[in-house]
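>>> Got a predicted structure here, sequence first:
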Amino acid sequence: MSRDELAQLQLERLQSTLSRVSKSVGFYRKKFAEMEANPQAVTSLEDIRYFPFTIKADLRDNYPYGMFAVPLRDVVRIHSSSGTTGKPTVVGYTRNDLENWSDLCARFITAAGVTSDDIVQVSFGYGLFTGGFGLHYGAELTGASVIPASSGNSRRQTLIMQDYKTTALVCTPSYALHLADVMEDMGINPQSLSLRWGLFGAEPWSEKMRARIQEKLPITATDNYGLSEVMGPGVAGECLEQNGMHVHEDNFLIEIVDPETLEPLPEGETGELVITTLHKEALPLIRYRTRDITSIVPGECACERTGRRIRKIQGRSDDMLIIRGVNVFPSQIEEVLFEIEGTEPHYMLIIDRKDNLDYLEVHVEVGDMIPQQSNIVARIRSRIQSVLGIGVEVRLVEPKSLERFDDKAKRVIDKREF
Ligand code: ADP
Ligand code: ZN
């Protein structure tokens, strides 16, 4: 769709979404009245800035169904968020929402290389988490053969991959690396498998991590993004250019705002992603603050899709660590670790306070053959110091000693008391 046509469609859908929520969701009716924001007065996409933001706490305050815009009898599916940052929020889908969700997932799955000739192993959890079902129905819609492996039991996952000749693997990036290790333990050479595509999401991962996964597994790894409140997976996904995730803008109006002032930022600048749903029935959200930090990739993509792209998510603003006043995302430390030869891509960050000063301890696994340990420690410390400007403690730990995760990896333990 051309950008002009897209903008026209977005405006029509924005107007109808705003007037619908003002009629059917008490929360928005009240907020709009307070701010004197009138859906009827909206004549351009920029007018969105006169409307209130929605935050996770609003969904928690209206838990479980208070923000739904349709009666429960029209809701045919219920999911929830993972609860990474607190009480999980509940989300609902009408029949049309489900159809649309599958369609959006099928779009990015196709963009990531999958066709009806592929065999897709979905190793996301099937359950309240939106990842499993979202990718499942999306992949089915592409005509691929879908294996609902669900998460866990890594040896069995590997055997399925081998015996069923899986060509596309769907899971979190950290789990993909774990599966590569399990293959090694089982004496299975990944190159002997039929794998070609890796579709990864649900947690932040760096470019270095992508390189490592592609080195260990014979796949092209793409990133895809979504969040339960807004729908689940299917909000945005990379094409084979591997350079930013195309947002499905006919369904989602995006803004990048300064997380402090909440003012919109110019294209290309890094800030918090804010999403207004344009085509959802059960749970439309206005200016939802995702807390996810990214920026818009300027220019057009070589693949000719017209949806604008967002860069890899750096992390959530609530994951940002403030160490002695310096802002640090775990993904930045990950980038540094991956540059150091001899370290494994498994790490844990522990933050605590000693004599009223924050300190960060980086636990990182090392390979079986480490040339000179002390040298690695010094190299990691000086790299982090020069890239991020903070001093850290580094502790090398045995291979495979850090916890592995089937779904979202947890990499930070903050022991500070505020
Ligand atoms: P929760 O917010 O409790 O984790 P969700 O399961 O809805 O619940 O997860 C959505 C969140 O997961 C996003 O807001 C984002 O922080 C993270 N996420 C999802 N996909 C990606 C991705 N491709 N890269 C980085 N982070 C992602
Ligand atoms: Zn593209």
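Received it, and whenever you're ready, just let me know what you need. All of these numbers come straight from a predicted model, not from anything done at the bench. Ligands and ions are numbered 1, 2, ... in the order given.

>>> What parts of the stretch 201-350 of the chain come near ligand 2?
Proximity of the stretch 201-350 of the chain to ligand 2 (CB under 5 Å from the ion) is limited to residues 239, 241, 301, 303, 305. In this view, the C-beta of every residue, glycine as well, is placed from N, C-alpha and C.

>>> Could I have the buried ones of these as PyMOL selection syntax?
Selection of the buried residues among these in PyMOL, burial being defined by 16 or more other CB atoms under 10 Å:
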select buried, resi 239+301+305
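
>>> can you list the residues of the stretch 201-350 of the chain next to ligand 2 in a markdown table and add secondary structure?
Below are those laid out as a markdown table (DSSP: H, G, I helix; E, B strand; the rest coil):
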| residue | secondary structure |
| --- | --- |
| Cys239 | coil |
| Glu241 | coil |
| Cys301 | coil |
| Cys303 | coil |
| Arg305 | coil |
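
>>> In the chain, which helix is the longest?
Across the chain, the helix with the greatest residue count (assigned by DSSP state H) is helix 3-24.

>>> Which residues does the helix or strand following it contact?
Next helix or strand after helix 3-24 toward the C-terminus (DSSP states H and E): helix 26-35. For helix 26-35, the external contacting residues (CB atoms under 8 Å, 6 or more residues apart in numbering) are 21-23, 37-39, 50-52, 58, 62, 66-67, 286.

>>> Apply 7 Å and report the result again.
Residues outside helix 26-35 that contact it (CB atoms under 7 Å, 6 or more residues apart in numbering): 21-22, 52, 58, 62, 66-67, 286.

>>> Then stretch 208-221?
With CB under 7 Å, 6+ apart, stretch 208-221 has contacts from 113, 169, 173, 176-177, 180, 190-191, 195-198, 200, 240, 334-335, 338-339, 345.

>>> From the residues you listed, which land in helices?
Using DSSP H, the subset of the contacts of stretch 208-221 located in helices is 173, 176-177, 180, 334-335, 338-339.

>>> picking up where we left off before, for the contacts of helix 26-35, which one is nearest ligand 2?
Ile286 (28.1 Å; CB to the ion).

>>> how near is Thr277 to ligand 2?
Using CB to the ion, to the nearest Å, Thr277 is found at 23 Å from ligand 2.

>>> That residue against Leu253, yeah?
No - the criterion here is CB atoms under 7 Å, and Thr277 misses it with Leu253 at 8.1 Å.

>>> re the thing from before, may I see the ChimeraX selection of the buried members of the contacts of stretch 208-221?
For the buried members of the contacts of stretch 208-221, the matching ChimeraX selection, counting by 16+ other CB under 10 Å, is:
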select :113,169,173,176,177,180,190,195,196,197,198,200,334,335,338,345
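
>>> Would you confirm that Arg49 belongs to a helix?
Yes - assessed by three-state DSSP, Arg49 belongs to a helix.

>>> Tell me, how many residues neighbour Gln157?
Under the neighbour criterion other CB atoms under 10 Å, Gln157 is assigned a count of 25.
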